[in-house]
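S.K.: would you be able to build a 3D model of this:
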Amino acid sequence: MLPIFSNQEDIERKTLLILRILHEAGGPLGSRLIARKMQDRGVMSSERAVRYHLKLMDGRGVTHLVGKKDGRLITALGIDELGKARVQDKVGLAISRIEILSFQTTFNPATRSGLLPINISFFSKTSFPYAMKIMQPVFASGFVVSHLVATASEGQYLGDVLVPEGKIGFATVCSIVVNGVLLKSGIPMDSKFGGILQMKNRHPLRFAELIYYSGSSLDPSEVFIRGKMTSVCNAIKQGDGMILANFREIPAPCYPLTRDLVAKLENTGISGVLAAGKISEPICQVPVEINKVGIILIGGLNPAACVQEAALEVEHLAMSTVMDYEALEPFDEVIKRL
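M.R.: Numbers count the residues shown, from 1 in each chain. Now for the predicted structure:
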């Protein structure tokens, strides 16, 4: 008996989600793993139902069966269809991704163990050593969430993301780690927007541009990087420039505990908080709701933005997945091996 679906719109919605999952994976996936990733994104679907969907998608030419054990790949036609996805399927994707990764974060600063969210950048094999040298001053400057990183060669995985052929994968800690750690301690963090933060004399001045998570299908940092709107290198060298940052709010009564948790995070090599305001008062010219505290988090893709500023080709997967803390190592250790 075939699975029963409510209507054509539901089928289309799940089809687009499967295509998005396959596209982000960068390699073949089986129905079991696809079903699990759909559930991670709040869409309940059985493995059997996913197999049925995939057979229909094979017939449309948007997916291709590599092998029964290897699973499916997204085709060029599937990538094109994903790019033309309906607007209602795109709106709110960024905020949903933040909520999912926050929930998936299990990192415990006290034990220095668990999963934390990462951003992934792909570099060509030949350009990677040069890219690392460009990023070195960024990690030294402190305009990063953490000095801990991970690398992987083609065919290897960073979390559950496969590194494509001819590429080197580079993972940096995502600022959502702060959301996740606070969430596990019962502190709700409201993710408002990602933006371009103007630095003046090495201090945060104001947000020059912003994109609300609730109305964007992409991580705002990706948009700003692609639009060549950052000047991270200038901020490091001269003290004045535009860096990637994110704006959050927490309830005022939670601030003392938040401050303690942030201190514990810093002891593990994670220092994602750039600045915190006073109760109900603006921070960096951004209004804050009554009985809330505004917090500015450092953008996790600042190192990759600096590489893009140097006109080096790089592909970004912001808010990609989660990865074990113990699989990360200091940036300085990685660059020593090059």
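
S.K.: what strand or helix carries P137?
M.R.: Assessed by DSSP states H and E, P137 sits inside helix 128-141.

S.K.: now what about that helix, what contacts it?
M.R.: If you take C-beta atoms under 8 Å, 6 or more residues apart in numbering as the criterion, helix 128-141 is touched by 123, 144, 147, 168, 170, 232-233, 235-237, 302-304, 306-307, 310, 312, 314, 331-332, 334-335, 338. From N, CA and C alone the C-beta is placed, and that goes for glycine too.

S.K.: can you flag which of these belong to strands?
M.R.: Assigned to strands by DSSP state E, the following of the contacts of helix 128-141 qualify: 123, 168, 170.

S.K.: rewinding a little: pull out the buried members of the contacts of helix 128-141.
M.R.: For those, a burial check counting by 16 or more other C-beta atoms under 10 Å picks out 123, 144, 147, 168, 170, 232-233, 235-236, 302-304, 306-307, 312, 314, 331, 334.

S.K.: helices - which of the residues you listed land there?
M.R.: Mapping the buried ones among the contacts of helix 128-141 onto helices (DSSP state H) picks out 232-233, 235-236, 302-304, 306-307, 331, 334.

S.K.: and the residues you listed, which is closest to L116?
M.R.: Nearest to L116 among these: F331, at 15.9 Å, using C-beta to C-beta.

S.K.: find the residue closest to L77 in space, skipping its chain neighbours.
M.R.: G61 (4.9 Å; C-beta to C-beta, 6 or more residues apart in numbering).

S.K.: what number of residues lie near K55?
M.R.: 12 (other C-beta atoms under 10 Å).

S.K.: may I ask which helix or strand encompasses it?
M.R.: Using DSSP H and E, K55 falls within helix 47-60.

S.K.: could you check the angle helix 47-60 makes with the helix or strand just after that helix?
M.R.: Once the chain leaves helix 47-60, the next helix or strand it forms, by DSSP H and E, is strand 63-67. Between the axis of strand 63-67 and that of helix 47-60 there is an angle of 110 degrees, by axes from the mean of the first three to the mean of the last three C-alpha atoms, to 10 degrees.

S.K.: from here on, call the first residue 90.
M.R.: Sure thing, new numbering starts at 90, so read that last one as strand 152-156.

S.K.: re earlier: contacting residues for the residue nearest to L166?
M.R.: For G150, the contact set (C-beta under 8 Å, 6+ apart) comprises 164, 166-167.

S.K.: V375 now?
M.R.: 295-296, 336, 383.

S.K.: tell me which of these is nearest to Q374?
M.R.: Nearest to Q374, judged by C-beta to C-beta, of those is R295 at 4.2 Å.

S.K.: what about the residue nearest to that closest one when sequence neighbours are not counted, how many residues close to it?
M.R.: Ranked by C-beta to C-beta, 6+ apart and with sequence neighbours excluded, the top spatial neighbour of R295 is Q374, at 4.2 Å. Using other C-beta under 10 Å, Q374 has 10 neighbouring residues.
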